[in-house]
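Participant: Model the following, please.
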Amino acid sequence: MTNHFAPSRIALGFVWPALVASAIVASGCSSEPENVATEEDDLSSARTQYVDIGQFLKGADYEKWFTARRALEQGFDQICGDTFCGGDYSNIYSLGFACSVSSKIGKVRECMWTFAASQEEVDARSGSIASSVAFFECRVKPTGNASGLVAAFGADPLNAKLPGMGSIYDTLSDCFDKPLGASPLPAPTAGSFVSAADAIEGTDIDAYYAMTGNLRTTFDDVCGDTFCEGEYANYQPLRFTCSQGPDKKIGTCSWTFAASETSLLSGGTHKVTRAPFVCTIPVKGTIRELSTVLAPGGATRLFDRKLPGTNETLNDALGRCL
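Facilitator: Numbers count the residues shown, from 1 in each chain. Reported below is the predicted structural model:
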């Protein structure tokens, strides 16, 4: 990302300054579910139709489903740093949990949890940043019907024993162990540029992480009315990264995102359309100056603030990139 003023929308493959690779992982497949109702009981025509479970459930069951999905993501965020996020990918984030059921009686076909994560490497010679984005599709096959499934989630959906299988937590390790298709990052180079997160000291560290945390929270708040109205329903910010030279000036800043859209195939299995994005954030100055401009609070909305040394805002940069 040697051009500090132009965000990049990157397709699959490897390029400097930005590398994006996607990996698709399927795990947790079990035997065909057993149910007291046969598939023929669900037929009004020659073929069973499948829908998202959210379209099938009504009333209290729908509320339980909504609550369970939110609790799954919250539970994963709480344990990720001490479990799955301690390996090659330290920033695994959920892109959504979905289940398919037959349209008449609500027999569960499958559930899938989609995740994404990233790795970054600073080119020490130029300050450019290479990024690799991995996607994970974790599939499970509970048995029974929609109402029974949402009831089984209980108060702790991540660890609850689901009909016909163990817990979702028990299936995730195998899913994250196989990031198929991910291209490796380039080998480290000799030079004077380093990751800013590794170079800053003292109060600058607290300010930097307050900034990056605020960026993530603010993106989640504004996404539905802005960037998330296009081709993809789910956007997940992965990592905001800057390189720093020996003069403490920023070389490059980039913000890596993953996006997805889930649909159902005719057989009831899920298909995920996914895309990685690596957005160059135009900045001229130091990490301290950037952290000050993008600090929490202030009268001007975060994404409308002029970035140091430019006339650009985050809205400008992300609008072109996403």
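Participant: Quick check: mean pLDDT of the biggest helix by length in the chain?
Facilitator: Longest among the helix segments of the chain by residue count, using DSSP state H, is helix 59-80. Across helix 59-80, pLDDT averages out at 96.
Participant: pLDDT of whatever helix or strand comes next after that helix, averaged?
Facilitator: Later in the chain than helix 59-80, the nearest helix or strand by DSSP states H and E is strand 93-102. The average pLDDT within strand 93-102 is 96.
Participant: Contacts only, for Ala197.
Facilitator: Neighbouring residues of Ala197 by C-beta atoms under 8 Å, 6 or more residues apart in numbering: 208, 241-242. Bear in mind the C-beta positions are built from the backbone N, C-alpha and C, glycine included.
Participant: Secondary structure element for it, which one?
Facilitator: Using DSSP H and E, Ala197 falls within helix 196-199.
Participant: Buried residues, the next helix or strand after that helix. List them.
Facilitator: Later in the chain than helix 196-199, the nearest helix or strand by DSSP H and E is helix 203-222. For helix 203-222, the buried set under the neighbour-count rule, 16 or more other C-beta atoms under 10 Å, comprises 204, 207-208, 211-212, 214-216, 218-219, 222.
Participant: Let's see helix 203-222 as PDB, backbone CA atoms only.
Facilitator: Only the C-alpha atoms of helix 203-222 are listed here, as PDB (Å, rounded to 0.1, in the frame of the first residue of the first chain):
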ATOM      1  CA  THR A 203       0.600   6.500  27.000                       C
ATOM      2  CA  ASP A 204       0.700   6.100  23.200                       C
ATOM      3  CA  ILE A 205      -0.100   2.400  23.600                       C
ATOM      4  CA  ASP A 206      -3.300   3.100  25.600                       C
ATOM      5  CA  ALA A 207      -4.300   5.800  23.100                       C
ATOM      6  CA  TYR A 208      -3.700   3.500  20.100                       C
ATOM      7  CA  TYR A 209      -5.800   0.700  21.500                       C
ATOM      8  CA  ALA A 210      -8.500   3.100  22.600                       C
ATOM      9  CA  MET A 211      -8.600   4.300  18.900                       C
ATOM     10  CA  THR A 212      -8.700   0.800  17.300                       C
ATOM     11  CA  GLY A 213     -11.400  -0.300  19.800                       C
ATOM     12  CA  ASN A 214     -13.400   2.800  19.000                       C
ATOM     13  CA  LEU A 215     -13.000   2.300  15.300                       C
ATOM     14  CA  ARG A 216     -14.500  -1.200  15.600                       C
ATOM     15  CA  THR A 217     -17.400  -0.100  17.800                       C
ATOM     16  CA  THR A 218     -18.300   2.800  15.600                       C
ATOM     17  CA  PHE A 219     -18.200   0.700  12.400                       C
ATOM     18  CA  ASP A 220     -20.600  -1.700  13.900                       C
ATOM     19  CA  ASP A 221     -22.900   1.100  14.900                       C
ATOM     20  CA  VAL A 222     -23.000   2.800  11.400                       C
END
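Participant: who touches that helix?
Facilitator: Counting by C-beta under 8 Å, 6+ apart, 196-197, 200, 227, 235, 237, 240, 255, 287-288, 290-292, 294-296, 302-303, 314 sit against helix 203-222.
Participant: Restricted to buried residues, select the residues you listed in PyMOL.
Facilitator: Those of the contacts of helix 203-222 that count as buried under 16+ other C-beta under 10 Å are selected in PyMOL with:
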select buried, resi 196+197+200+227+235+237+240+255+287+290+291+294+302+303+314
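Participant: What about the contacts of helix 203-222, which are in strands?
Facilitator: Among the contacts of helix 203-222, the members found in strands (DSSP state E) are 235, 237, 240, 255.
Participant: looking at it, the second one is touching Ser254, isn't it?
Facilitator: No: using C-beta atoms under 8 Å, Pro237 is not in contact with Ser254; the gap is 11.6 Å.
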